[in-house]
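Student: predicted model and sequence below, questions to follow.
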Number of protein chains: 2
Amino acid sequence: MTDNRTLILDCLEKVGTEVTLCGFVQTVRSHGKVAFFDLRDRTGLMQIGGFGELAGEVSRLGSQDAVKVVGIVKKREERYVNVQMSTGAIEVEATYIEVISKAAEMPFDMGGKELNLELPTLFDHRSLTLRHPTISPIFKVQEAVVASFRNTAEKLGCTEIFVPTIAASSTEGGAEVFNINYYGHNAFLTQSPQLYKQMLVPVFERVYTIAHAYRAEPSVTTRHLAENTQLDCEFGFVDFTQLLDLLEEVAVGMLKGAQEKSEEIFKQKNLEPIHFGKTPRVTLSEAQEIVFTETGRDVRGEKDLSPQDEVDLSNWALKNHDSDLVIVHHFPTFKRAFYTMPDAQNPEYSLSYDVIFRGIEISSGSQRIHKYEDLYNAIKSRGMDPDNFSMYLMAFKYGMPEEGGFSFGLERITMKMLGLQNVREASLYPRDMERVDERLSARPTK
Amino acid sequence: MTDNRTLILDCLEKVGTEVTLCGFVQTVRSHGKVAFFDLRDRTGLMQIGGFGELAGEVSRLGSQDAVKVVGIVKKREERYVNVQMSTGAIEVEATYIEVISKAAEMPFDMGGKELNLELPTLFDHRSLTLRHPTISPIFKVQEAVVASFRNTAEKLGCTEIFVPTIAASSTEGGAEVFNINYYGHNAFLTQSPQLYKQMLVPVFERVYTIAHAYRAEPSVTTRHLAENTQLDCEFGFVDFTQLLDLLEEVAVGMLKGAQEKSEEIFKQKNLEPIHFGKTPRVTLSEAQEIVFTETGRDVRGEKDLSPQDEVDLSNWALKNHDSDLVIVHHFPTFKRAFYTMPDAQNPEYSLSYDVIFRGIEISSGSQRIHKYEDLYNAIKSRGMDPDNFSMYLMAFKYGMPEEGGFSFGLERITMKMLGLQNVREASLYPRDMERVDERLSARPTK
């Protein structure tokens, strides 16, 4: 039935011939004896004209109807050429229109240039709103980020690994974990692929993974999701300076590649290109001095960066280094996970780092403790039971080199590349304490 | 410290020069005043020789020690060349050896050509056994399968999507789901990315995803995992015949690509190359006739294929069509998930299909019901509540074309490419009702 289908973008080379198009109705403009609509398929938009009898058929089409159209590809008259559209110099004059699946009446205007909805409405109708031409490109950029991450990791010799999300103990300690009933046993959703990627260093030396990470955050912010996607790397036989270099190489490679792949979307949405001046590297203390000098806010001595500190630091980096990226390192040891290597020069501070991108932390990592005894003691000193980490510890018992790695948050990167206000907008189906597709308030509690 | 490191494979071009190597000790052979060991890094194996004082140091090395070696790359004498090793024509004469991390004594022989362990021991020591040269290549093949799947899906115009694993209702109905305590609400781990990929057809038309799938199977078999990796595609504007063509294109493209990328492993492990004769397509009834004719076992009229049927059918396909793949279609409608399109000619049978590869089902899929009312009724007729599927149903309410797709099981494909006996061997960290890394019998029940 759709055997001889032509894709919209391929019509550019079919002027004067008959084509069969399939897609979704975007907007309908009826002028009596002549009517037009924009048809959308996976390659683009096409203006379809209906004349005479077919004008009536076109005017009865509704937004989001799935249709099949037979027609002739024609050049538009000069004065009707739309330079904003890749197919703006042509149109299709319909000879036959078939509605494959009629859409119900829209609950709001889906045909406008913008989709001005409050977030709850946007997500209540996610199956519909994702189709809007301002929304779907978010996830084409997201796809490009992952593809560029993979390319960069593979160039660095990393093996892609597939690790589980059900674990017998929590990854990092802490209470913010989701519990599963696992055949009558208590199990957890992993807070990160951290322990597994480390366990695989002695196997593949360098690994990467695209992983789900789960955090039962008991609060609602614009920066957190209950389930998110992490882009993780881990490297063996590397020291702290090499790790900082690898971190920067992956961050820049990923963002540059994603921007190049998304060139058209950046143009359409008039997005600010990423600034790739040399990435500054500062310690937490230096970062706090910068915030103080730049803004007068005195955060010196705080144990971590606040969201406002991240914004201020990014402003400084852009102004002084033409860079949208900043690396901050040497966070207090007790603020980081148990597997973080303390700095031998000053063990209160650790060989840890974050990447700040346009005012938000997008990556976190560290050199790891690689000696079995040190790791065993670090687990105990955090009040956890080494018995719950026996497979993890085994990897260190049988020969583990100096190693470390990092993890990027896919949704935060997507959010900041696109200038979105809330990380939920960068997740196809965001989960938080108020929503799993539908609002949880509409459901009975346990 | 490891700044000037050379990778083992790069030593081929460094004969006569000094190199610094890092890696893990594989096997040690001491002959008094001269001792050798094999060093493994992510690029290969290298024989290291220690003479005089260094012979003593080498002889004290143990399997899996993480070490750094400085030495001179030398050509081996003709009679010592090992043609089985890519670096078999050279060796490194050590001048300095440093143990980065000493491994504990091995609980079993890790230096032998084979690792003859029972499965429970293999998995009890997974952090160690994955390092064995017979085990780690399994996951290089697995990586290649995923890379080839992605290539093939992208060539077909699919967008990569990242969909959640926490859901408010079970994907396919049935009791075999894991329950999560989600902020005091009951939620589930998705049995597949099925509903999400379908919801995204009107957005991207063609999508693919690498997903986690969870099944609380209450039994232990050689074919099932509680958490596995699925390779999923979904296509809009396609009919049943086109779906069968797409299914075959993805199956063949993925397996051919993976085999090419894994050429060296296939040679090393002496694996049977995949037979790619034209893939036969048979209905379930035809498949049952074939089993009867070939073996005398009368399974005609059964509602599904048994594991033995799959083996018999594969034998027939290999013998008669030189094909390791068979597509079986038209399974009884009631045996398939609610979203499966019944055949309009005979609604008791459905527009569904499986792919059998070397005696096991590796893929399943169907054309889907795409009309809202039909889907609503299908959900009700299976005794489920359409209210639990409201976001899913919304995608169909607002215009959904004819569509369908399929899903491949990554671990089963890996298993059969490598001739493994149990699907657990094809999972880095297999989960089943008896194990989450450690044996559950060692843990208290809830």
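Tutor: Perfect, I can see it now.

Student: whichever residue of the stretch 201-350 of chain A sits closest to chain B and B:Gln194, how far apart?
Tutor: Residue of the stretch 201-350 of chain A nearest chain B, by C-beta to the nearest C-beta: A:Glu205 (3.8 Å). Bear in mind the C-beta positions are built from the backbone N, C-alpha and C, glycine included. From A:Glu205 across to B:Gln194, the span is 36 Å (C-beta to C-beta, to the nearest Å).

Student: what's the domain layout of chain A?
Tutor: A:8-101, A:136-442 (automatic domain parsing).

Student: make CSV from the ones you listed and add mean pLDDT and mean neighbour count to it.
Tutor: Shown next, in CSV, are these (pLDDT from 0 to 100; neighbours: other C-beta atoms under 10 Å in any protein chain shown):
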stretch, mean pLDDT, mean neighbour count
domain A:8-101, 95, 17
domain A:136-442, 96, 19
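
Student: quick check: residues of the stretch 1-150 of chain A near chain B?
Tutor: A:1-3, A:5, A:22-25, A:41-43, A:64-66, A:100-104, A:106, A:125-128, A:130-131, A:136, A:139-140, A:142-143, A:146-147 (C-beta under 8 Å from any C-beta of the partner chain).

Student: these in helices, which ones?
Tutor: Among those, the residues falling in helices (DSSP state H) are A:126-128, A:136, A:139-140, A:142-143, A:146-147.

Student: determine which two of these are furthest apart.
Tutor: Pairwise distances across those (C-beta to C-beta) peak at 27.1 Å, for the pair A:Leu128 and A:Ala147.

Student: all helices of chain A, in order?
Tutor: Using DSSP H, the helices assigned to chain A run over residues A:53-59, A:119-124, A:126-129, A:136-155, A:194-199, A:201-204, A:240-261, A:263-268, A:284-295, A:307-321, A:372-381, A:390-397, A:410-418.

Student: if we can go back for a sec, pretty sure the residue of the stretch 201-350 of chain A closest to chain B is touching A:Phe237, no?
Tutor: Yes. Applying C-beta atoms under 8 Å, one finds A:Glu205 in contact with A:Phe237, separated by 6.9 Å.

Student: can you tell me which residues in the stretch 201-350 of chain A are near chain B?
Tutor: So far as C-beta under 8 Å from any C-beta goes, the stretch 201-350 of chain A lies against chain B at A:202-206, A:210, A:212, A:214, A:216, A:218, A:226-227, A:229, A:236-239, A:242.

Student: could you list every residue that touches the closest residue to A:Glu114 other than its chain neighbours?
Tutor: Nearest residue to A:Glu114 in three dimensions, chain neighbours excluded: A:Thr134, at 6.2 Å (C-beta to C-beta, 6 or more residues apart in numbering or on different chains). A:Thr134 makes contact with A:113-115, A:269 under the criterion C-beta atoms under 8 Å, 6 or more residues apart in numbering or on different chains.

Student: any chance of a ChimeraX selection covering the buried ones in those residues?
Tutor: Typed into ChimeraX, the line below selects the buried ones among these, using 16 or more other C-beta atoms under 10 Å in any protein chain shown:
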select /A:115
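
Student: closest to chain B among the contacts of A:Thr134?
Tutor: Distances from chain B to those, taken by C-beta to the nearest C-beta, are shortest for A:Leu115, at 13.4 Å.

Student: for B:Leu284, see how far away the closest one is.
Tutor: A:Leu115 sits at a distance of 46 Å from B:Leu284 (criterion: C-beta to C-beta).

Student: ditto for A:Glu272
Tutor: For A:Glu272, the distance to B:Leu284 - C-beta to C-beta - is 57 Å.

Student: now do A:Ala153
Tutor: Taken as C-beta to C-beta, the span from A:Ala153 to B:Leu284 is 43 Å.

Student: A:Gly112 now?
Tutor: From A:Gly112 to B:Leu284 the distance is 49 Å (C-beta to C-beta).

Student: ok, which pair from the contacts of A:Thr134 is furthest apart?
Tutor: For the contacts of A:Thr134, and using C-beta to C-beta, no pair is farther apart than A:Leu115 and A:Lys269, which are 13.1 Å apart.

Student: what about the strands in the stretch 51-200 of chain A?
Tutor: Here the stretch 51-200 of chain A has its strands, by DSSP state E, counting those that start in this stretch, at A:66-75, A:90-101, A:159-160, A:166-167, A:179-182, A:185-189.

Student: which of the ones you listed sits closest to B:His321?
Tutor: strand A:159-160 (33.0 Å).

Student: who are the packing partners of that closest one?
Tutor: helix A:136-155, strand A:206-214, helix B:136-155 (3 or more C-beta pairs under 8 Å, 6 or more residues apart in numbering or on different chains; DSSP states H and E).

Student: noted, bye for now.
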